[in-house]
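>>> after the sequence you'll find the predicted model.
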Amino acid sequence: MPGAVVIGGGIGGLTSGIALRRRGWDVTVLERAAKIDPVGSGLAIAANALKALDTLDLGDPVRKLSRLQGQAGIRRQDGRWLVHTTTEAANARYGDSAVVMLRATLMDVLVDALGADRLRLGTTVTAVDAQDGVVRTDDGDLEADLIVAADGIHSKTRQALFPEHPGPAYSGVTAWRGLIPRGDLTISGSESWGRGLVFGLSPVAGDMVYVYATDVLPAGTVLGDELEELRRRFGDWHEPIPTLLRAADPTKIIRTDIHHLRTPLPAYHRGKVALVGDAAHAMTPNLGQGACQAIEDAVTLAHVAGTDLAAYTTARLERTTNVVRRSMSICRMTQLRNPVAVRLRDFGMSLGARLSPALMLRSMDDLLGWQPPKASGNEGHASAPHA
């Protein structure tokens, strides 16, 4: 039985481990942290990622533990819709729709599916030998036929394999995220755009609402009370934003600067190492595809591992590079502050939606219409990959 070592216990790493195990690999997932502690509060899992999870028999468990996104789209800061769609329309077009769930819940599902005995917490990787397939850790060396680098946007593995790559670039925006009790409010998913500002909200399991917001700030800006900063920026926007912010717990709000890999890598593999998720193609969250593309990576890698890792790069590099660029293009649109430019942006979206009501969905066809690679009938009979 060939062996795989996965570096990183996030969504991409855990899903890679699960997918490889389903195809007959002996898998060990290494995580530096002493416990799985998901960064962020909630996330959307779109139709493409649900299809990938279905191949691992995890699609239905995820659907049961999440909420349908329902009506979704973009509003002005006064609440007027610019463009929107519905769950029914997405289902009709793609055979599925987006769901929203707590990131911690998804992580629990993935850890259970992987098997806790396959996850080694508190293990720091110090070096990787891509040619010989050796992972050096603070607990000793591990040999592997395949090494999966899922060690995030600041991946040390990527830096070692591609030392000439410039690494992450600042997107120009900082982002707040948090969970707020819904109370008696009726809330549908939406994202509202103002002048350089964005506020999004999505109901998640139970009585909670996942909220996120962005603003244009220099990288590394230090602020005081993060919740008070949100109230100052968004307190006069449309309901239910002000009401939610009044009910928020300041300890449940986190803020991070948003970076992405502006320069694509030349490949997603080298020797016996394959890069997945943010380590390969970190993107801004504007398309809601970060976790989704990592899940796609995982099932695609497992499909080709044991044959030729170049096929993994072929399958993933062009697609994910386009997603990174499209997501950053939307991010730039949200950064507009000039009143004339903002009015033109909003008018263009509104006009496009009136002329073509299905515009929002049609623009996502190449993303959401993705299909997982078809099983070749040799699951459970993996062999070591070629370089």
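Cool, got the structure.
>>> of all the residues in the helix or strand bottoming out on mean pLDDT in the chain, which ones are buried?
Using mean pLDDT, DSSP states H and E, the weakest-scoring helix or strand in the chain turns out to be helix 359-362, at a mean of 75. By 16 or more other CB atoms under 10 Å, the buried positions in helix 359-362 come out as L359, M360, L361. Placement of C-beta: from N, CA and C, glycine included.
>>> just the CA coordinates for it, please, in CSV.
This file holds the C-alpha atoms of helix 359-362, laid out as CSV (Å, rounded to 0.1, in the frame of the first residue of the first chain):
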residue,chain,number,x,y,z
LEU,A,359,-26.9,37.0,-15.5
MET,A,360,-25.6,36.3,-12.0
LEU,A,361,-25.8,32.5,-12.5
ARG,A,362,-24.7,32.4,-16.1
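>>> list the contacts of D346.
Applying CB atoms under 8 Å, 6 or more residues apart in numbering to D346 gives the contacts R76, L82, W193.
>>> please repeat the previous calculation with a cut-off of 10 Å.
The contact partners of D346, taken as CB atoms under 10 Å, 6 or more residues apart in numbering, are I74, R75, R76, Q77, R80, L82, V83, W193, G194, L336.
>>> and those, which two are the farthest apart?
Pairwise distances across the contacts of D346 (CB to CB) peak at 17.4 Å, for the pair R80 and L336.
>>> which one's more surrounded, these two?
For R80 versus L336, the count of surrounding residues by other CB atoms under 10 Å is larger for L336: 19 against 11.
>>> nearest residue to that one other than its sequence neighbours?
Distances taken as CB to CB, 6 or more residues apart in numbering place V342 nearest to L336, at 5.2 Å, with adjacent residues excluded.
>>> let's verify the one you found: helix, strand, or coil?
When classified by DSSP: H, G, I helix; E, B strand; the rest coil, V342 comes out as helix.
>>> where is the longest helix in the chain?
Counting residues, the longest helix in the chain under DSSP state H turns out to be helix 310-334.
>>> for the stretch 151-300 of the chain, what spans make up the helices?
With DSSP state H, counting those that start in this stretch, the ranges of helices along the stretch 151-300 of the chain come out as 156-161, 226-234, 241-247, 278-281, 290-304.
>>> export those as TSV, with columns for mean pLDDT, mean neighbour count and distance to T87.
Output for those, formatted as TSV (pLDDT from 0 to 100; neighbours: other CB atoms under 10 Å; distance: least, CB to CB, whole Å):
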stretch	mean pLDDT	mean neighbour count	distance to T87
helix 156-161	98	20	37
helix 226-234	97	18	26
helix 241-247	96	17	22
helix 278-281	98	29	28
helix 290-304	97	27	17
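>>> which one, of these, ends up nearest to A44?
helix 290-304 (8.1 Å).
>>> list the buried residues of stretch 251-268.
For stretch 251-268, burial by neighbour count (16+ other CB under 10 Å) applies to 252-253, 255, 257-262, 264-265, 267-268.
>>> for these, which one is nearest A104?
The closest of the buried residues of stretch 251-268, once distances to A104 are taken by CB to CB, is K252, at 12.8 Å.
>>> once you drop chain neighbours, what's closest to that closest one?
Using CB to CB, 6+ apart, the closest residue to K252 is G178 (4.8 Å).
>>> my read: that neighbour touches V211, true?
Yes: because the distance of 5.5 Å satisfies CB atoms under 10 Å, G178 is recorded as touching V211.
>>> find residues that contact each of these two.
S41, G42, L230, L244, L245, A248, K252, I253.
>>> make JSON lines out of those and add distance to D366.
Formatted as JSON lines, those follow (distance: CB to CB, whole Å):
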{"residue": "S41", "distance to D366": "29"}
{"residue": "G42", "distance to D366": "25"}
{"residue": "L230", "distance to D366": "34"}
{"residue": "L244", "distance to D366": "34"}
{"residue": "L245", "distance to D366": "36"}
{"residue": "A248", "distance to D366": "37"}
{"residue": "K252", "distance to D366": "36"}
{"residue": "I253", "distance to D366": "35"}
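>>> so what does the least confident helix or strand of the chain touch, helix or strand wise?
With contacts defined as 3 or more CB pairs under 10 Å, 6 or more residues apart in numbering; DSSP states H and E, the packing partners of helix 359-362 are strand 72-76, strand 81-85, helix 87-94, helix 339-355.
>>> please tell me how far P166 sits from L317.
17 Å (CB to CB, to the nearest Å).
>>> again, but for G95
For G95 relative to L317 (CB to CB), the value is 26 Å.
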